[in-house]
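Peer 1: Just to be clear, the model below is a prediction. Sequence and coordinates:
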Amino acid sequence: MNFEFSDEQKLLKDQASGFLKENCPLVSVRDIVDDDALSYDKTLWAKIGEMGWTSTTIPEEYGGLGCSYLELSVIAEELGRSLAPTPFSSSVYLATEAINVAGSDQQKNTWLPKLATGEIIGCVAVAEAKGQITPASLATESNGSTLSGTKIPVADGDVADFSIVFVRANIGDGASAYIVDLTQSNVERESIRTLDPSRSQAKITFTDANCELLGKEGEGWSLLQKINNTAAVLFAWEQVGGSEHCLEMAKAYALDRIAFGRPIASYQAIKHKLANVYVKNTIAKSNCYYGAWALSTNDKELPVAAASARISAIQAYYFASKENIQVHGGMGFTWEFDCQFFYRRSKQLAVNIGSELVWQDKLISAIELDRAS
Amino acid sequence: MNFEFSDEQKLLKDQASGFLKENCPLVSVRDIVDDDALSYDKTLWAKIGEMGWTSTTIPEEYGGLGCSYLELSVIAEELGRSLAPTPFSSSVYLATEAINVAGSDQQKNTWLPKLATGEIIGCVAVAEAKGQITPASLATESNGSTLSGTKIPVADGDVADFSIVFVRANIGDGASAYIVDLTQSNVERESIRTLDPSRSQAKITFTDANCELLGKEGEGWSLLQKINNTAAVLFAWEQVGGSEHCLEMAKAYALDRIAFGRPIASYQAIKHKLANVYVKNTIAKSNCYYGAWALSTNDKELPVAAASARISAIQAYYFASKENIQVHGGMGFTWEFDCQFFYRRSKQLAVNIGSELVWQDKLISAIELDRAS
Amino acid sequence: MDFNDTPKEAEFRIEVRTWLEANAPTESELRDMEPMASSKLWQKRKYDAGWACLRWPKEYGGRGASAIEQVIYSQEEAKIQTPDNVFMIGQGMCAPTMMAWATEEQKREYVPAIASGEKVWCQLFSEPAAGSDLAALTTKAERDGDDWIINGQKIWTSGAHYSDYGVIVLRTDPTVPKHKGLSYFFFDMKSEGVETRPIKQISGASNFNEVYFTNLRVPDTQRLGKVGQGWEVALTTLMNERASIGSGGGGGVNFNRLFKLAQDVNINDKPAIKNDVVREKLANWYVQESGLKFTGHRTLTALSRGELPGPENSIGKLVGAPKSQDMASFGLDLLEQSGAIWDDEYSDFRGLYQTSYMSSPAIRVAGGTDEIMANIIAERVLGLPQEVRVDKGIPFNEIPTSSSVK
Amino acid sequence: MDFNDTPKEAEFRIEVRTWLEANAPTESELRDMEPMASSKLWQKRKYDAGWACLRWPKEYGGRGASAIEQVIYSQEEAKIQTPDNVFMIGQGMCAPTMMAWATEEQKREYVPAIASGEKVWCQLFSEPAAGSDLAALTTKAERDGDDWIINGQKIWTSGAHYSDYGVIVLRTDPTVPKHKGLSYFFFDMKSEGVETRPIKQISGASNFNEVYFTNLRVPDTQRLGKVGQGWEVALTTLMNERASIGSGGGGGVNFNRLFKLAQDVNINDKPAIKNDVVREKLANWYVQESGLKFTGHRTLTALSRGELPGPENSIGKLVGAPKSQDMASFGLDLLEQSGAIWDDEYSDFRGLYQTSYMSSPAIRVAGGTDEIMANIIAERVLGLPQEVRVDKGIPFNEIPTSSSVK
């Protein structure tokens, strides 16, 4: 039994932690939030590219490090802990993954080396309106060489260079995926104000935009499920990193804040609240370990492992981030304090690739499938 | 605004409370539980009949008091508080109600006067197997004059004189209701051991048993819904009475029990637990008030009011009864202590006329219907 | 049991309604008026006709009415569109304290002007290191002849920036146990030495202020109660605060709105309202809302009978605040990716769920945290013991403080 | 990261498996044997072959093995059918305490007999008025020459009725602060003056006993630690209890069983597993179970590396116990009316859900209540302050007691 990261992976985690403490303190998250004109931290993004994190799981033949998802997991945890305001998740967990999984050799050669260095940013465009998206609800269409429609919101769509766009298909699973250069003139982009201003969202209108099929026609929805499973594990690591940061903040504040002559950390209402945060974080983290293992070995349990990690991480982060504010009392809900950033991020991550509700259903479906066979 | 019982109703409640404290202390509940041969407290039942409680809502022309459901509500609350081990709910809330609502003059004349005095006991037989019962799942059938099939479990079916039996119908709402004399030879009855031995359950096998249609053929399911709405409110009052008793017990124990030199009631874990019990009880009780009002005025909001009372009362009683045990620590789960009786009863009442799950769905359906019109 | 007024109440309700219909300010009257001017216009009109602060004695600008008459008036006024009420703190908390503790002369001078809306008052109690533990406040008043010199900082003061007067609790002796060293004053908010700064909340709104005092001079004649009796006076104010918070909750999202959202968005290509989880959650929230509503009805019934409602009222906030937060969070989940948008142009439902998600943390704290509310129910309703107090009887300046308090 | 043994562990596992396959008691061997005799037969066989109490030193009957070897052995033994283990308390708690505190002579006399299963031991700590607050115990030992005379009552003693020896903490001085007045002994359970009565639980089972002492005589040579040092000795025992409770939970109902039930019963004429609420609840319980399972894997990994797992283990019981209760309750709801039956003949699933509903309250209390578990996590894992202790430094006989304690 070796259910732990290797020493090298732990070293990588320590390096990531140190790097982000220096290059991404909470004050730099605040800078992005406070300035509407800033979509992400460009300096940080450039350095992340230099560190090679964007290339972690890209095969060496395409300029990547060819590392496993275990390495990417430890990076994700630290990115989540620091709330790094970058398009890392869109570009690395989703767009890179989509091309890596479904791209032709030529597509891989075109995009992966640049994604590896971080010189270009990718994103994924699925949503078109409020509520859950299904193939049947997609309005965006393509004739194979151009596509038209409006996607909203697209995480990091305002800063990405290209997007994987999911459009309606009348065959197969009902959807197809296309690679679209977002810098072309047939693409109109607009930044949108968001619940979590440290992560940008966009509205993108495609009008006969040039596009290139990724994978096969009518296999887009399956591709999306596949990359969402990967992203679910990595998002979960970010969420756990964030939850743990919340616990540290809440603990530090509760130990310092005196009420009625003693630290509020000495009251059971606070002690048990923090114990519950710890419990939820531990449950989530242990599920993340399993998710990382299943991802790294491409185990057939991945759908179950990914859903478990995501559900428990969503629950842990919501609880940790809201109770962190609560422990901070009046200060917690002031703009001046940092508690808000975690609370915002917890929801941004929770709705980005399908909410808790969607994944609970997915988990049971995966188990049903598993037990039926 | 007069959202309160009248002085006469309050007096009735005080009388009921006094009567039950004297005639139904917890030790007599224990007697019924400890002795497998005892299905209910016959002495208490006889006295309840003498008090006229069984006749509360029966019209005067049939020998009843012709009182409103408000009077029955205050009695129900006290019966629930005392855990009275009698077939009151089956006979009064369900069987009496069914005949009162759907019976012919002759049927009313036959049954109601005897139900009023408590000399006979009625019950309702619906369930046939595990899980939720629907018209389509009913196997019991009737040719109009006899019926055959097995009902399990039937609350108080072993001690009742007659039952309203719900059978499959191929017209209307899919079910018909029949009155069946349980003392006839074509009916075989067997007492079943129960989760709450203070309330009896039976298996009843009908083999060409003589029966008499109640209401119209193919209108049985609607009748069941109607009497279940009434029963939901009255059950809820019983549940609230029980929940409040749990809170009193837990409070008294917590104030007396010393740990680390002070009463456990001084620890926030216990204080907040009891505060939460109080909150849930209050929510449930206020919904019960509304349910009682809607029932007494036969308001069109009754389906919503009944479901609200039932859902909140189920939740309150489960929480109060399990946390009462928890507050009592090791003593709480011993046979010697009385906490168990409330915990058992809370579940008996929760599953008797459709679980929380069923009523949550009903509530939203009623609201949908309401808003659509 | 019925929902109707008694005949006497019904008669009063008609009187109220008749007056309101004839006198409520019209849209054209208020056009181009600043919000404060609108508020004052309406309050003055009510006052002149005897419809301000109904429960107060007539000599201080009230009507000498009963509690249930006050409720009926409020219900009726709530049915029509009227200007915002900026007088609530003055009328709900400051004036009752003045009536209980000020000299007869002061009452006649100040209280009617609160009823008429001529003067706006605010309440300055909380401090950065004295929230739930209010009596730990450190802003000090030092005697200087006939005046007191005040230095320090208050926080969470609603309406400080537009108030004419404030009531304040100050530490006049740090060497005695903490509840003993406090005194209570009222003062002119426009005085020199008072600086008000808005606090920006995470929702973007600024409902509260910080107020800084630098050698503010307050005459001793504006002290309420004796020196050292400030805590007792403050309790008068706070008791009235609890009463006026009522069943609270607020926060925008409620059952009706979430029900509509669930009809409006899809899960698996079907309206979300058809999803069993959505139904279950909505059902649970519905019964909480109806339970609170009917608890309110029971309170009104008590009022109607001349009884005083007890601290049971705290359940409104204790249930309502986390409910708002969870409902907002669930609403965002139903919106899926769109939940992350909070944009005037693009947010569905005008950003209701996003706004509520970001506002609800404040509701769980302001006016007493969830934890304090649970304590109140445990101690005052159920009669359970108070928390162990390690600061009892210890001189205030020997009690440990948070490191943030210099 | 992988789920496999290291080569050394794999080798050891094969050795264990080989021995178990060759030596596990066969059905025919055990036929007609009393459960206690079966247990003793199997334990003795393990002991003789060096497979009992693996981590203990060889001189006391163990194997001198590592923690991970112990785990591997347990995993392998769990895979085959073996007689019930009635030695857990003696081996898990009593023997480690003896090894830490007894004389060399006593260790050699008593400990190997625990390993071999020749003698069964139990632990007598809790009392009716000393549960979570164990040190409040009042059962007293009074010195009489070379002996101590013991009077009082212990409770929650598993296995008292079949045990040969017991370890016990007693009050030897009520006039000093409570932790200072305790002493620790071991004694012969078959002595005169010891009376054991089973406690009937609400589930109908009797897993615990009350034990009454009337002038029980215990020689002073059977004292472990000094007079007044009993609390310190008891901590040795308790530390080992925590370790052996592990991730607990138990209680019968788990995800797999509830999943099957949901396939088996209908809601609205469709299998309950198709209902979204059922799916949501099952999903949430699944992630809790898998989270606990993988937390256990992380603990095993630490053991495998020779590290000591910490009090994080408490989360198993804290999560698992209320989960069992809620799952059982939900299972009964899915059964609808049938949920109220608890009858050998008629209960579905052999009464699993009913049994679990009635057993789970005990799980939330035994071995530390939910509230104590949360305290342990808050204090020992997160380092938050301990509860305010009003009984600190006060002579034991001046501390208030529950009215139930005469």
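Peer 2: Received the coordinates, thanks. Numbering: from 1, shown residues only, chains lettered A, B, ... in the order given.

Peer 1: Pull out the buried positions in stretch A:106-120.
Peer 2: For stretch A:106-120, burial by neighbour count (16 or more other CB atoms under 10 Å in any protein chain shown) applies to A:107-108, A:110-118, A:120. (Glycine included, C-beta is placed from N, CA and C.)

Peer 1: An error on my part: the question was meant for stretch C:54-69.
Peer 2: C:54, C:56, C:60-63, C:65-69.

Peer 1: Which residue does the stretch 301-406 of chain C have closest to chain D?
Peer 2: Closest residue of the stretch 301-406 of chain C to chain D, CB to the nearest CB: C:Val388 (4.3 Å).

Peer 1: Run a quick neighbour tally on that residue.
Peer 2: Look at C:Val388: counted by other CB atoms under 10 Å in any protein chain shown, it has 19 neighbours.

Peer 1: Ramachandran angles for it?
Peer 2: phi -60, psi 130 (degrees, to the nearest 10).

Peer 1: Enumerate every residue touching it.
Peer 2: B:262, B:266, D:388, D:390 (CB atoms under 8 Å, 6 or more residues apart in numbering or on different chains).

Peer 1: Can you tell me the closest non-neighbouring residue to the residue of the stretch 201-350 of chain A found nearest chain D?
Peer 2: Nearest to chain D, among the residues of the stretch 201-350 of chain A, is A:Ile283, at 3.1 Å (CB to the nearest CB). In space, and not counting its chain neighbours, A:Ile283 is closest to D:Gly291: 3.1 Å by CB to CB, 6 or more residues apart in numbering or on different chains.

Peer 1: so the one you found makes contact with A:Thr282?
Peer 2: Yes - using CB atoms under 8 Å, D:Gly291 makes contact with A:Thr282 at a distance of 7.2 Å.

Peer 1: Next one: C:Met1, what pLDDT does it get?
Peer 2: Looking at C:Met1, its pLDDT stands at 80.

Peer 1: thinking again about what came up before, neighbour-wise, which of D:Gly291 and A:Thr282 wins?
Peer 2: D:Gly291 (29 against 25).

Peer 1: What's the mean pLDDT across the host helix or strand of the more buried one?
Peer 2: Here D:Gly291 sits within helix D:276-304, counting by DSSP states H and E. What helix D:276-304 shows for mean pLDDT is 93.

Peer 1: Could I have the CA atoms of stretch C:6-16 written out in PDB?
Peer 2: Coordinates of each C-alpha in stretch C:6-16 appear next as PDB, following Å, rounded to 0.1, in the frame of the first residue of the first chain:
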ATOM      1  CA  THR C   6     -61.400  41.400  16.000                       C
ATOM      2  CA  PRO C   7     -64.200  43.900  15.300                       C
ATOM      3  CA  LYS C   8     -62.200  46.700  17.100                       C
ATOM      4  CA  GLU C   9     -59.100  45.800  15.100                       C
ATOM      5  CA  ALA C  10     -61.100  45.800  11.800                       C
ATOM      6  CA  GLU C  11     -62.400  49.200  12.600                       C
ATOM      7  CA  PHE C  12     -59.000  50.500  13.300                       C
ATOM      8  CA  ARG C  13     -57.700  48.900  10.100                       C
ATOM      9  CA  ILE C  14     -60.300  50.800   8.100                       C
ATOM     10  CA  GLU C  15     -59.400  54.000   9.700                       C
ATOM     11  CA  VAL C  16     -55.700  53.500   8.900                       C
END
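
Peer 1: ok, and what's touching that stretch?
Peer 2: B:1-2, C:4-5, C:51, C:68-69, C:72-73, C:76-77, C:304.

Peer 1: Please list only the buried members of the residues you listed.
Peer 2: The neighbour count (16+ other CB under 10 Å) marks B:1-2, C:5, C:51, C:68-69, C:72-73, C:76-77, C:304 as buried among those.

Peer 1: Can you redo those as JSON lines, where the extra columns are secondary structure?
Peer 2: Converted to JSON lines, these look like this (DSSP: H, G, I helix; E, B strand; the rest coil):
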{"residue": "B:Met1", "secondary structure": "coil"}
{"residue": "B:Asn2", "secondary structure": "strand"}
{"residue": "C:Asp5", "secondary structure": "coil"}
{"residue": "C:Trp51", "secondary structure": "coil"}
{"residue": "C:Ile68", "secondary structure": "helix"}
{"residue": "C:Glu69", "secondary structure": "helix"}
{"residue": "C:Ile72", "secondary structure": "helix"}
{"residue": "C:Tyr73", "secondary structure": "helix"}
{"residue": "C:Glu76", "secondary structure": "helix"}
{"residue": "C:Glu77", "secondary structure": "helix"}
{"residue": "C:Ser304", "secondary structure": "helix"}
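
Peer 1: Can you tell me which of the residues you listed is nearest C:Pro395?
Peer 2: C:Ile68 (47.0 Å; CB to CB).
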